[in-house]
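1. coords please:
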Amino acid sequence: MEDLRFRKILSDTKLSAGENLKFRIMQQIETENSLVRKKAKGSFSILDNMFSVFGVMYAVIAIAAGIVYFSAGKEAVESSYMYLIVILIVSVCSMFWMISLYDERRRKKNQKK
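-> Down below sits the predicted model:
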């Protein structure tokens, strides 16, 4: 009971800022944010992109080879069917890498304009 009365007394004594003051503060913050120079993003590294894409590629090839080896043996890993799987994985990853490079160059070109 006493706690509720104490809370009511404290809430009645709170001062609140007027709408005009809130508006001026928000306008000042927006003005300062518009004048501050935007931070440039880190430079895009072709090698970082290459290592990530081809790292995933080699991991997928290793997983596929492991699955084939444990399910069908060494002969299946050395078969032409496995080579086709590897060529397919390499082709898909290479196309993804080239598309990501093209996209990054296009973004840089549009940012300069």
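2. can you count the residues close to Val68?
-> 19 (other C-beta atoms under 10 Å). Where you see a C-beta, it was placed from the backbone N, CA and C, and this is true even at glycine.
3. and the helix or strand it falls within, how far from the chain's centre?
-> Secondary structure from DSSP states H and E places Val68 in helix 46-72. Helix 46-72 has its C-alpha centroid displaced from the chain centroid by 21 Å (C-alpha atoms, centre = their mean, to the nearest Å).
4. which residues touch Met82?
-> Counting by C-beta atoms under 8 Å, 6 or more residues apart in numbering, Met82 touches Ala64, Ala65, Val68, Ala76.
5. now swap in Ala72 and tell me
-> With C-beta under 8 Å, 6+ apart as the criterion, no residue contacts Ala72.
6. Which positions in the longest helix anywhere in the chain come out as buried?
-> The helix that spans the most residues within the chain, counting by DSSP state H, is helix 80-112. For helix 80-112, burial by neighbour count (16 or more other C-beta atoms under 10 Å) applies to Met82, Ile85, Ile89, Cys93, Trp97, Ser100.
7. For Leu21, state which of those residues is nearest.
-> The nearest member of those to Leu21, counting by C-beta to C-beta, is Ser100 at 49.1 Å.
8. Outline the domain layout of the chain.
-> When the chain is parsed with automatic domain parsing, its domains come out as 2-35, 46-112.
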